[in-house]
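K.L.:
take this sequence and fold it.
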Amino acid sequence: MPLLISPSITVDLAGVVHILWEGDSSCMRYYTLTDSGITKEFFDQAVDFPCLCMNGDQVQLFWTAWDSIRYRYGWTGTENLSSIQTVAGCESPFSSGQYLTWTEREDGMSHLYYGAIPAGGAIEPIEVNYSTDLIAYPQILFNPAKQNQTASVDLVWTEYSYIDSIGYIYHLNLLIEEPAPIYVFDMGEATPVPICVQRAGYKALGQEDYQTFDYDSTELVYHLTLHSPHTKYRVRWVWYHEEADKIKLQFNIDDILHRNRWVKPGEKVVAEAWIPDACVQDNEITIRIKKLKGTLAVLSGLEVETQTVGGGGPQGKEVGFFRRFMFERIYPNPVKGVLKIRFNSPDERKVMIKIYDVVGRLIEKVFDGRARIGLNEFYI
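P.N.:
Okay, here's the model as predicted:
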């Protein structure tokens with residue numbers, strides 16, 4: 001094994017070891033280690049911050065190249081990786097499950113972001129913090145929903161103070177009211193991913209995601225493994241086509257859940273349903289898209305997500321989440337020079353911050369307005 005620079009390692013569900021590292025100045029290196037030997041793949045240039053992790057049975061690779069975060073993925077039991085995607089324009093990526101965190105420096109400010117990993121295209125960034133200090137080495141941990149607790153992410157990062165030249169470690173827990181889908185399919189892959197067990201091909205008809213779809217002359221079949229026992233799952237799917245006439249399609253899970261729908265040419269149809277418990281008792285489901293009337297069986301999008309529910313199950317209004325507002329410590333205290341005031345808000349609620357002296361006189365109104373979701377920071 002050659003000298004490793006910034007290695008990242010994970011093990012897939014079949015026990016295969018995956019290693020991603022910077023390699024040399026000409027390329028990044030990706031190894032898989034099995035009993036039969038080592039499989040090597042070299043790709044990209046001018047790389048940094050390699051990150052490798054598992055999301056269910058999906059192997060995810062992240063790294064930075066030319067100030068952009070790149071992304072590839074594969075699946076347990078297969079050797080081929082997807083094409084390279086650019087998901088963000090920043091640095092220092094670190095992933096956990098369905099989420100990624102990263103940093104970016106712009107106009108003398110450091111910014112910390114996180115976001116859900118999409119099937120294709122860029123991540124929708126959520127700003128967690130910004131500071132005149134240097135934010136570096138972000139880490140993220142996704143905590144799936146359990147019983148009466150909603151899902152959340154834990155974020156840890158370092159800030160290097162330009163005032164006292166000391167690094168401070170910060171931690172923040174953010175509640176995730178609508179967790180990212182655990183499976184999101186990119187319908188534009190020429191080779192179907194292993195969980196797609198029957199497909200004739202795909203068509204890309206336009207710029208919008210829903211205009212790229214799977215098709216087959218009679219039926220599409222997807223086999224999914226759901227790894228969270230005792231969890232409620234919701235499936236969302238999109239139908240779209242541009243055939244000459246309307247098509248009648250059926251969405252079917254394990255021959256238990258059935259949804260039939262006529263879809264007109266050029267019409268985007270979005271539907272969703274809770275997956276019955278009987279379908280997921282073995283932690284696996286088989287989804288079939290059947291052509292009932294018309295020319296093709298088509299599917300334009302497919303997502304599966306977990307939901308936190310209260311009481312006796314997913315009954316709509318029973319779904320509830322615990323919101324938490326966290327006011328961090330005043331830093332530094334006592335202060336000479338610059339005072340930082342920080343708080344974490346789960347929503348854009350009304351917030352007012354005032355400073356009073358020891359006898360109760362108002363000294364300064366720091367803030368009066370709507371909070372940002374996530375970490376809010378003020379300097380005095």
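K.L.:
for the rest of this, base every contact and every neighbour count on C-alpha atoms.
P.N.:
Fine.
K.L.:
any idea of the pLDDT on residue 107?
P.N.:
The score at residue 107 is 84. That number is its pLDDT.
K.L.:
what about it, distance to residue 131?
P.N.:
11 Å (C-alpha to C-alpha, to the nearest Å).
K.L.:
how many residues are close by residue 306?
P.N.:
21 (other C-alpha atoms under 10 Å).
K.L.:
the more surrounded of residue 107 and residue 131?
P.N.:
Per other C-alpha under 10 Å, whichever of residue 107 and residue 131 has more neighbours is residue 131, with 19 against 6.
K.L.:
bridged to that one, which residues?
P.N.:
Following DSSP bridges, residue 131 is listed with bridge partners residue 110.
K.L.:
do the same with residue 222
P.N.:
residue 196, residue 287.
K.L.:
run through the protein and note the low-pLDDT ranges.
P.N.:
1-4, 25, 194, 227-230, 307-334, 359 (pLDDT under 70).
K.L.:
quick one: contacts for the residue at minimal distance from the centre of it?
P.N.:
Nearest to the mean C-alpha position of the chain, by C-alpha atoms, centre = their mean, lies residue 116 at 2.5 Å. By C-alpha atoms under 8 Å, 6 or more residues apart in numbering, the residues touching residue 116 are 98-100, 123-124, 180.
K.L.:
next one: residue 190
P.N.:
201-202.
K.L.:
go again with 6 Å.
P.N.:
By C-alpha atoms under 6 Å, 6 or more residues apart in numbering, residue 190 lies in contact with nothing.
K.L.:
before we move on, what about residue 114?
P.N.:
100-101, 125-126.
K.L.:
can you pick the most crowded of those?
P.N.:
residue 101 (26 neighbours).
K.L.:
in what helix or strand does that one lie?
P.N.:
Following DSSP states H and E, one finds residue 101 within strand 99-106.
K.L.:
so which bits of that strand are buried?
P.N.:
99-105 (16 or more other C-alpha atoms under 10 Å).
K.L.:
rebuild those residues as TSV, extending it with distance to residue 236.
P.N.:
As requested, the buried residues of strand 99-106 are arranged in TSV below (distance: C-alpha to C-alpha, whole Å):
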residue	distance to residue 236
99	19
100	22
101	25
102	28
103	31
104	33
105	37
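K.L.:
in the sheet, who's paired with residue 39?
P.N.:
With DSSP bridges as the rule, residue 39 is bridged to residue 32.
K.L.:
do the same with the one 4 residues further on
P.N.:
For residue 43, the residues forming beta bridges with it (DSSP bridges) are residue 28.
K.L.:
I'd say it and residue 27 touch.
P.N.:
Yes. Residue 43 is within contact range of residue 27, at 5.4 Å (criterion: C-alpha atoms under 6 Å).
K.L.:
these two - which one has more neighbours?
P.N.:
residue 27 (16 against 12).
K.L.:
residue 65 versus the more buried one, what's the distance?
P.N.:
Counting by C-alpha to C-alpha - residue 27 and residue 65 are separated by 10 Å.
K.L.:
give me the contact list for stretch 125-137.
P.N.:
109-115, 157-161, 374-375.
K.L.:
among those, list the two that are farthest apart in space.
P.N.:
Pairwise distances across these peak at 25.9 Å for 115 and 161 (criterion: C-alpha to C-alpha).
K.L.:
one step back: now, of the contacts of stretch 125-137, which are buried?
P.N.:
Using 16+ other C-alpha under 10 Å as the threshold, 110-115, 157-160, 374-375 are the buried ones among the contacts of stretch 125-137.
K.L.:
which one of those residues is nearest residue 248?
P.N.:
So of these, ranked by how close each gets to residue 248 (C-alpha to C-alpha), first place is residue 115, at 36.1 Å.
K.L.:
beta-bridge partners for that closest one, please?
P.N.:
residue 100.
K.L.:
ok, residue 233 next?
P.N.:
If you apply DSSP bridges, the partners that residue 233 bridges to are residue 306.
K.L.:
distance of it relative to residue 289?
P.N.:
19 Å.
K.L.:
those two - which one has more neighbours?
P.N.:
Neighbour count, other C-alpha under 10 Å: between residue 233 and residue 289, residue 289 has more, with 24 against 21.
K.L.:
next, the angle strand 99-106 makes with the helix or strand harbouring residue 127.
P.N.:
Using DSSP H and E, residue 127 sits in strand 126-131. Per axes from the mean of the first three to the mean of the last three C-alpha atoms, to 10 degrees, the angle that strand 126-131 makes with strand 99-106 is 40 degrees.
K.L.:
right, and the helix or strand after strand 126-131?
P.N.:
strand 134-143.
K.L.:
which strands border that next one, and is each parallel or antiparallel?
P.N.:
Strand 134-143 is paired, per DSSP bridges, with strand 151-160 (antiparallel).
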